[in-house]
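**Q** Could you look at this predicted model? Sequence included:
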Amino acid sequence: MKTLACKDMGVECDYVAEAETEEEVMGMSMEHAKKVHKEKMDEMMENMTMDEMKEEMRSKIKEEK
Ligand SMILES: [Zn+2]
């Protein structure tokens, strides 16, 4: 099980995306962020490309049993 916590992306939020694959967990986290953290997303997108953002997210993914 892979998890990606909003907190680890620097957002005050208890949401944690959980899925079997990195792609899925990143997709879930992205969907959530678009809905709930639109301002933060916009801010981040000003400073990095989508690819850089994905790398950032990938680096925060944790492996859990
Ligand atoms: Zn969140």
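**A** Done, it's in. Quick caveat: nothing in here was measured; it's all calculated off a predicted structure. Residues are numbered from 1 along each chain as shown.
**Q** Only C-alpha atoms from now on, for both contacts and neighbour counts.
**A** Will do.
**Q** Can you list the buried residues in the longest helix belonging to the chain?
**A** Using DSSP state H, we find that the single longest helix of the chain is helix 22-36. Within helix 22-36, the residues that count as buried by 16 or more other CA atoms under 10 Å are Glu22, Val25, Met26, Met28, Ser29, Met30, His32, Ala33.
**Q** tell me the average confidence for it?
**A** Averaging pLDDT along helix 22-36 gives 95.
**Q** So is it next to the ion?
**A** No. Shown here: helix 22-36 not in contact with the ion (CA under 5 Å from the ion), separated by at least 5.9 Å.
**Q** what's next to the lowest-mean-pLDDT helix or strand in the chain, contact-wise?
**A** Every helix and strand of the chain was ranked by mean pLDDT, DSSP states H and E. The lowest is helix 38-47, at a mean of 91. Helix 38-47 is contacted from outside by Val11, Ala33, Lys34, Met53, using CA atoms under 8 Å, 6 or more residues apart in numbering.
**Q** Good, wrapping up.
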